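> the following comprises the amino acid sequence and a computationally predicted model.
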Amino acid sequence: MREVSCPSCGAPVRFSSAQSLLAVCGYCRATLMRRDLDVENVGKMAELIPDPTPLQLGVEGKYRGTHFAVAGRIQVEYPDGAWNEWFLFFDDGKTGWLGEACGTYMISFEKEAKEPLPAWESLTPGTPVVLNGRSYGVSDVRTARVVGGEGELPFRVAGGYEARVADLRTDSEAFATIDYSDEAPRVFVGEAVEFGSLDLNGLREFEGW
């Protein structure tokens, strides 16, 4: 873990993992990029949209017996709503994502696809796609907008950034997402999970709960 002083306001900002390249100051929302031994202020992160999520930075839980902690969040919106992607640190050194949308939760990990990925323009619901030998069907194709981020993240995020994503499903709980936002698409593979199965603690408390 490395703690630095925010170049903008002087508040402490933490980089908990070598895989964290970006951190958002919790006080002034300055966006800090780690460059070797130094950090650079690359602008101010846009404010997130208030939402009723029970998750927050610092929440801890377990997935398949391995403890994790929530280190960061990306908030994304589209015409019909919004969703959160929570960045996770696992005790075994891995990092992953907890997707949260309309009361559903999905754990995923970034993977390198062995097969050539289909072009964004070729995807429509129902299109068959094979990833690492497994057959999926496209369930959703959408262009969304990144609202902003918080905490620690493994890549640069900025409000207003256009996200082009395709969700893939199987007959089981397995799913995958191909993110075409950058020049080189990113592949995330995982499964749907029950909220209660994650053994979460440190959740937000709401009046009346």
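Thanks, I have it. Residues are numbered from 1 along each chain as shown.

> on the pLDDT front, check residue 207 for me.
pLDDT, residue 207: 67.

> the residue nearest to the spatial centre of the chain sits in which helix or strand?
The centroid of the chain falls nearest to residue 85 when counting by Cα atoms, centre = their mean (3.3 Å). Following DSSP states H and E, one finds residue 85 within strand 81-90.

> could you quantify the relative orientation of the longest strand anywhere in the chain and strand 81-90 as an angle?
Looking across the chain with DSSP state E, the single longest strand is strand 134-153. Strand 134-153 and strand 81-90 meet at an angle of 80 degrees, taking axes from the mean of the first three to the mean of the last three Cα atoms, to 10 degrees as the criterion.

> partner strands of strand 134-153, with direction?
Strand 134-153 has its sheet partners listed here by DSSP bridges as strand 22-24 (antiparallel), strand 66-78 (antiparallel), strand 128-131 (antiparallel), strand 162-169 (antiparallel).

> for residue 12, which of those is the nearest?
Minimum separation from residue 12 across the strands paired with strand 134-153 (Cβ to Cβ) falls at strand 22-24, 10.5 Å. For glycine as for every other residue, the C-beta is placed from the backbone atoms N, C-alpha and C.

> may I see the buried residues of stretch 197-204?
By neighbour count with 16 or more other Cβ atoms under 10 Å, stretch 197-204 contains the buried residues 198, 200, 203.

> what comes into contact with it?
53, 54, 55, 56, 58, 59, 60, 61, 62, 63, 98, 105 (Cβ atoms under 8 Å, 6 or more residues apart in numbering).

> what's the model's confidence in stretch 91-103, averaged?
Rounded mean pLDDT across stretch 91-103 is 94.

> ok now it, how far from the chain's centre?
Remark: stretch 91-103 is offset 7 Å from the chain centroid, using Cα atoms, centre = their mean, to the nearest Å.

> same thing with stretch 166-178?
For stretch 166-178, the distance to the chain centre is 16 Å (Cα atoms, centre = their mean).

> in that stretch, what's buried?
Neighbour-count burial for stretch 166-178 [16+ other Cβ under 10 Å]: 166, 167, 168, 175, 176, 177, 178.

> can you pull the domain assignment for the protein?
The record's domain split for the chain, according to automatic domain parsing, is 2-44, 60-198.

> so what pairs up with the nearest residue to residue 39 once chain neighbours are set aside in the strands?
Nearest residue to residue 39, sequence neighbours excluded (Cβ to Cβ, 6 or more residues apart in numbering): residue 32, at 4.6 Å. Residue 32 has the following beta-bridge partners by DSSP bridges: residue 23, residue 41.

> residue 32: how many residues sit nearby?
24 (other Cβ atoms under 10 Å).
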